[in-house]
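*Asks:* Pasted the sequence and its predicted model underneath.
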Amino acid sequence: MTILAIDTSNYPLGVALIEDNQVLGEYITNLKKNHSIRIMPAIQTLMKDCERVPAQLTKIVVAKGPGSYTGVRIGVTIAKTMAWSLKIPLVGISSLEVIAAGAGRYFDGYISPLVDARRGQVYTGLYQYQSGVLTIAKEDRLVLSADWTAALKEEIKKPILFVGNDLPLHRDVIEAALGSQAKFAAITEYNPRPAELAFLGKDKQGEDIHSFVPNYIRLAEAEAKWLEANGKTIKG
């Protein structure tokens, strides 16, 4: 089984190639550059360096959001196109789950990955490793970081590991609410690992390619304004 993983859901761009239980290669950058221009060359370079061709791929795994609307769309579109053209399964994994997977495997407590959503808000969720398997304690959501940390303080008694490239933007709020209960991942753990993404989707069943859509959690601001201006109902 040879799996290609693609993550362009936020500033980090990552692609990985795994085969059975081996990581053949990974490519990761954390740059504010156009993913639409860089993603295909990254995939081509990785495939070439690993001496694999697209026909050998057996599955595509993509980070499906939440995150940057444009970034999520780019990754999902590339993944859907490749899976359809190669006639292989496509699996989508939460972008937050990927962030949690890399940092929290050996952490005795909960993991809260986060991505800044502006205006004091974050995309986040709560995860925990149980018997070596990453499980969901609280579903991904869009929430004010102050409300999120207040809820965690009330409901969670174990240590909580926070991780993500946008962590510094919300660290003061987290520390004020949770004190020593809050733990913070190392800087080298902030970037989501595309190899983790590949393994998260390795044993999952493929989804319907044509109906597969990103998980934005909320509408893009421009779309929301258009719906409001045209008297449409915004769901969610």
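*Replies:* Sure thing, it's come through.

*Asks:* ok, and what's touching the longest strand belonging to the chain?
*Replies:* When the chain is scanned for its longest strand (criterion: DSSP state E), the result is strand 133-144. Strand 133-144 has contacts (C-beta atoms under 8 Å, 6 or more residues apart in numbering) with 66, 94, 96-97, 100-101, 104-105, 110, 117, 120-129, 200, 215, 217-218. Any C-beta I mention is one placed from the backbone N, CA and C, and that applies to glycine too.

*Asks:* rerun at 6 Å
*Replies:* For strand 133-144, the surrounding residues in contact (C-beta atoms under 6 Å, 6 or more residues apart in numbering) are 94, 96, 101, 110, 117, 120-121, 123, 125-128, 217-218.

*Asks:* Just the ones of those in strands?
*Replies:* Y110, Q121, Y123, G125, L126, Y127, Q128.

*Asks:* mind putting the residues you listed in JSON lines, distance to R171, neighbour count and pLDDT included?
*Replies:* Below are these laid out as JSON lines (distance: C-beta to C-beta, whole Å; neighbours: other C-beta atoms under 10 Å; pLDDT from 0 to 100):
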{"residue": "Y110", "distance to R171": "17", "neighbour count": "23", "pLDDT": "98"}
{"residue": "Q121", "distance to R171": "15", "neighbour count": "20", "pLDDT": "96"}
{"residue": "Y123", "distance to R171": "16", "neighbour count": "28", "pLDDT": "97"}
{"residue": "G125", "distance to R171": "18", "neighbour count": "22", "pLDDT": "98"}
{"residue": "L126", "distance to R171": "18", "neighbour count": "23", "pLDDT": "98"}
{"residue": "Y127", "distance to R171": "19", "neighbour count": "26", "pLDDT": "98"}
{"residue": "Q128", "distance to R171": "21", "neighbour count": "21", "pLDDT": "97"}
